[in-house]
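Engineer: what follows is a protein structure lacking sequence information:
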């Protein structure tokens with residue numbers, strides 16, 4: 001994305017403005033724009049200029065401002081990834097993000113002297129909280145391989161810096177494992193890390209452990225509104241738990257699974273996941289109505305995710321719930337929806353496909369017939385599912401999985417989505 005162009009389009013007055021003295025019609029409160037590029041851009045301070053202003057503030061002035069701050073003051077307006085609709089500004093406090101970074105770091109066994117490689121975006125909770133603050137609170141070194149994700153740069157950084165951990169969404173690990181030069185790099189220094197942002201295929205997790213030496217890698221679940229992590233596997237969890245669940249609830253947090261009436265369901269039964277505790281956001285910035293929809297009077301954050309929690313406290317995410325309900329009730333939601341299963345099949349394992357329909361890399365002349373076989377098999381499979389919500393009513397074919405800038409799987413915006421499309425569904429199949 002060309003963010004610089006976006007800013008100029010939003011505030012065309014910026015090009016003629018003195019840096020730090022912007023007066024724009026559409027954003028009247030915006031005064032300064034800082035650009036991370038080393039080159040000078042009209043109306044913007046460069047990063048070097050910006051940090052140079054630190055010398056103009058005395059220690060006494062800094063101490064005075066620090067003394068006025070409270071732990072629960074808002075420190076960050078973190079926009080959601082947009083995986084279930086248009087992004088909203090989740091307002092997070094010092095207390096939210098500092099503690100969450102600490103507990104994520106503790107879950108992966110982070111300690112002083114560790115060197116995690118952080119290729120995930122710093123404008124996203126994954127990089128800013130789980131990465132930066134996780135390292136800060138455990139005395140670990142932060143390694144940034146590049147200014148944007150590049151699988152080769154990640155592999156080079158891990159080898160050169162002898163990184164002990166690696167963060168990423170599943171597609172990043174897939175890109176690293178699949179890089180043609182993967183075998184040239186010594187990744188034996190790796191021990192731990194965290195995978196989050198979207199579901200991780202079992203085979204990918206196994207390869208990360210075996211080929212990348214990340215025996216203690218964990219899976220995390222959360223959302224921007226909860227700073228972000230609320231569930232995470234532990235470094236001592238067995239492999240089966242790390243590939244089939246998203247772990248147990250983080251320390252000092254509460255969770256429950258409720259039905260449509262808000263009543264807690266028995267262990268193992270599906271329902272909407274709710275989270276409460278230090279990690280829940282202050283609210284959506286300047287949007288009391290949306291905040292009230294998400295956080296109830298008792299402080300529970302309603303995630304909108306369909307989940308089950310077993311007797312040992314391990315969590316499994318089933319699917320998005322808000323649109324899946326569709327006036328039919330939770331009883332009609334099949335535990336492994338057609339969209340989820342078919343998308344995983346199309347993306348990875350070939351065992352679930354009939355031999356003649358297995359997706360391969362066919363010659364261009366044979367691509368259309370093979371695609372039709374795969375399409376026919378998928379329609380047939382969905383038609384056999386018992387719940388009404390699993391059968392797609394309309395179809396749209398994609399050659400790649402849409403994703404947000406942070407790497408999370410992304411559903412179309414409400415404006416571009418057909419009326420009956422499920423935002424929580426996987427992107428190959430629409431209901």
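Structural biologist: Thanks, I have it. Predicted model only: the values in this text are computed from it and were never measured.

Engineer: and residue 283, its phi and psi?
Structural biologist: phi 160, psi 180 (degrees, to the nearest 10).

Engineer: so what pLDDT did the closest residue to it other than its chain neighbours get?
Structural biologist: Using Cβ to Cβ, 6 or more residues apart in numbering and skipping residues adjacent in sequence, the residue nearest residue 283 is residue 291, 3.7 Å away. All C-beta spots, glycine's among them, are computed from the backbone N, C-alpha and C. Listed pLDDT for residue 291 reads 94.

Engineer: got the buried residues for whatever helix or strand residue 291 lives in?
Structural biologist: Assigned by DSSP states H and E, residue 291 belongs to helix 288-294. Within helix 288-294, the residues scored as buried using 16 or more other Cβ atoms under 10 Å are 291, 294.

Engineer: hmm, who's touching it?
Structural biologist: Here helix 288-294 makes contact (Cβ atoms under 8 Å, 6 or more residues apart in numbering) with 88, 225, 283-284, 301-302.

Engineer: can you list the weak-confidence ranges in the chain?
Structural biologist: Where the chain drops to pLDDT under 70, the residues are 81-85, 318-371, 373-374, 378-379, 381-431.

Engineer: can you map out the helices along it?
Structural biologist: Ranges of helices in the chain, per DSSP state H, are 3-10, 47-52, 59-68, 94-107, 125, 134-136, 151-161, 170-177, 202-211, 239-244, 288-294, 322-325, 338-347, 364-383.

Engineer: could I get those helices as JSON lines with distance to residue 251?
Structural biologist: Converted to JSON lines, the helices of the chain look like this (distance: least, Cβ to Cβ, whole Å):
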{"stretch": "helix 3-10", "distance to residue 251": "36"}
{"stretch": "helix 47-52", "distance to residue 251": "35"}
{"stretch": "helix 59-68", "distance to residue 251": "28"}
{"stretch": "helix 94-107", "distance to residue 251": "6"}
{"stretch": "helix 125", "distance to residue 251": "18"}
{"stretch": "helix 134-136", "distance to residue 251": "14"}
{"stretch": "helix 151-161", "distance to residue 251": "29"}
{"stretch": "helix 170-177", "distance to residue 251": "25"}
{"stretch": "helix 202-211", "distance to residue 251": "24"}
{"stretch": "helix 239-244", "distance to residue 251": "18"}
{"stretch": "helix 288-294", "distance to residue 251": "23"}
{"stretch": "helix 322-325", "distance to residue 251": "28"}
{"stretch": "helix 338-347", "distance to residue 251": "30"}
{"stretch": "helix 364-383", "distance to residue 251": "41"}
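
Engineer: now for the ones you listed, which one comes closest to residue 114?
Structural biologist: Comparison of the helices of the chain against residue 114 by Cβ to Cβ identifies helix 134-136 as nearest, at 7.8 Å.

Engineer: highest average neighbour count across the helices of the chain?
Structural biologist: Highest mean neighbour count among the helices of the chain (mean count of other Cβ atoms under 10 Å): helix 125, with a mean of 34.

Engineer: ok, back up a step: the helices of the chain: which one's closest to residue 221?
Structural biologist: Comparing the helices of the chain by Cβ to Cβ, helix 94-107 comes nearest, at 11.3 Å.

Engineer: name the helices or strands packed onto the closest one?
Structural biologist: For helix 94-107, the packing partners by 3 or more Cβ pairs under 8 Å, 6 or more residues apart in numbering; DSSP states H and E come out as strand 74-79, helix 134-136, strand 218-222, strand 229-232.

Engineer: kindly recompute the last result at 7 Å.
Structural biologist: strand 74-79, helix 134-136, strand 229-232 (3 or more Cβ pairs under 7 Å, 6 or more residues apart in numbering; DSSP states H and E).

Engineer: next, the angle from the first one to helix 94-107.
Structural biologist: Per axes from the mean of the first three to the mean of the last three Cα atoms, to 10 degrees, the angle that strand 74-79 makes with helix 94-107 is 70 degrees.

Engineer: quick one on the thing from earlier: in JSON lines, list the helices and strands packed on helix 94-107 along with distance to residue 56.
Structural biologist: Converted to JSON lines, those look like this (distance: least, Cβ to Cβ, whole Å):
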{"stretch": "strand 74-79", "distance to residue 56": "22"}
{"stretch": "helix 134-136", "distance to residue 56": "25"}
{"stretch": "strand 229-232", "distance to residue 56": "37"}
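
Engineer: and the ones you listed, which is most packed in?
Structural biologist: strand 229-232 (a mean of 28).

Engineer: hmm, who's touching it?
Structural biologist: Contact with strand 229-232 is made by 100, 104, 107, 130, 218, 220-222, 246-250, 253, 255, 275, 279, 315, as judged by Cβ atoms under 7 Å, 6 or more residues apart in numbering.

Engineer: how does it look with 8 Å?
Structural biologist: With Cβ under 8 Å, 6+ apart, strand 229-232 has contacts from 100, 103-104, 107, 130, 194, 196, 218-223, 246-250, 253, 255, 275, 279, 315.

Engineer: so the residue nearest to residue 283 versus residue 45, what's the distance?
Structural biologist: Distance of residue 291 to residue 45, given as Cβ to Cβ, to the nearest Å: 33 Å.

Engineer: same question, residue 149
Structural biologist: In terms of Cβ to Cβ, residue 149 sits 26 Å off from residue 45.

Engineer: picking up where we left off before, which one of the helices of the chain lies closest to residue 189?
Structural biologist: helix 151-161 (7.1 Å).

Engineer: got the angle for that closest one vs helix 170-177?
Structural biologist: Using the same axes, to 10 degrees: helix 151-161 against helix 170-177 is 70 degrees.

Engineer: quick check: bridge partners of the residue lying closest to residue 217 once chain neighbours are set aside?
Structural biologist: Using Cβ to Cβ, 6+ apart and skipping residues adjacent in sequence, the residue nearest residue 217 is residue 193, 4.7 Å away. Beta bridges link residue 193 to residue 166 when assigned by DSSP bridges.

Engineer: state the distance from residue 193 to residue 242.
Structural biologist: 12 Å.

Engineer: any residues in contact with both of the two?
Structural biologist: 217-218.

Engineer: hmm, residue 138 and residue 106 touching each other?
Structural biologist: Yes. In this structure, residue 106 is within contact of residue 138 by Cβ atoms under 8 Å, at 7.4 Å.

Engineer: neighbours of residue 164, just the number please.
Structural biologist: 24 (other Cβ atoms under 10 Å).

Engineer: now the residue nearest to it when sequence neighbours are not counted: how far from residue 193?
Structural biologist: In space, and not counting its chain neighbours, residue 164 is closest to residue 114: 4.7 Å by Cβ to Cβ, 6+ apart. Using Cβ to Cβ, one gets 10 Å for the distance from residue 114 to residue 193.
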